[in-house]
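Visitor: Here is my input, please return the structure:
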Amino acid sequence: MTDRRLGVTVTHRRYVSYAHAHYAGDLVDGAYALGLFGDVATEVCIRTDGDEGLFASYSDVQFVAPVRAGDVVEVVATVTRVGSRSRTIDFEARVVCRGRPDRGGSAAEVLAEPLVAVTATGTVVVPAAG
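Guide: Numbers count the residues shown, from 1 in each chain. This is a model prediction of the structure:
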């Protein structure tokens, strides 16, 4: 029997403001994506278990492309394992829109293909079913 929570997917999108740029080239630190992963994991826990849950750990984090101020980032979380109190979730942060300051101060474009920026696998815990 397959657990109904297995494969549950939640997606969030967020505009990355220039207030988050900390490095040359308007780069955003990696912790920004991890914060987004925490937010989407909270919704996963609410949808699957009726509780916000707690983030316990990451078993893998890969920063594969830059996130910049002016981007629109799509964060996807998918439940890949269900234990009695723990859930394993795969995360992916993708840049779906990017600012184009070379074309003007407020110019931006929708990317033809999302750019995978960060991937991770994490574990959340929820209260025991009562």
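
Visitor: helices or strands up against the longest strand belonging to the chain?
Guide: If each strand of the chain is counted by residues according to DSSP state E, the longest one is strand 108-125. The helices and strands touching strand 108-125, judged by 3 or more C-beta pairs under 8 Å, 6 or more residues apart in numbering; DSSP states H and E, are helix 30-49, strand 54-63, strand 72-82, strand 86-99. Every C-beta, even on glycine, is put in place using the N, C-alpha and C of the backbone.

Visitor: And that strand, what's buried?
Guide: Of all the residues in strand 108-125, those buried under the rule 16 or more other C-beta atoms under 10 Å are 114-115, 117-125.

Visitor: okay, the residues you listed in JSON lines with pLDDT and distance to V67 next?
Guide: Conversion of the buried residues of strand 108-125 to JSON lines gives the following (pLDDT from 0 to 100; distance: C-beta to C-beta, whole Å):
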{"residue": "P114", "pLDDT": "97", "distance to V67": "12"}
{"residue": "L115", "pLDDT": "98", "distance to V67": "9"}
{"residue": "A117", "pLDDT": "98", "distance to V67": "5"}
{"residue": "V118", "pLDDT": "98", "distance to V67": "7"}
{"residue": "T119", "pLDDT": "98", "distance to V67": "13"}
{"residue": "A120", "pLDDT": "98", "distance to V67": "14"}
{"residue": "T121", "pLDDT": "98", "distance to V67": "19"}
{"residue": "G122", "pLDDT": "97", "distance to V67": "18"}
{"residue": "T123", "pLDDT": "97", "distance to V67": "23"}
{"residue": "V124", "pLDDT": "97", "distance to V67": "23"}
{"residue": "V125", "pLDDT": "96", "distance to V67": "28"}
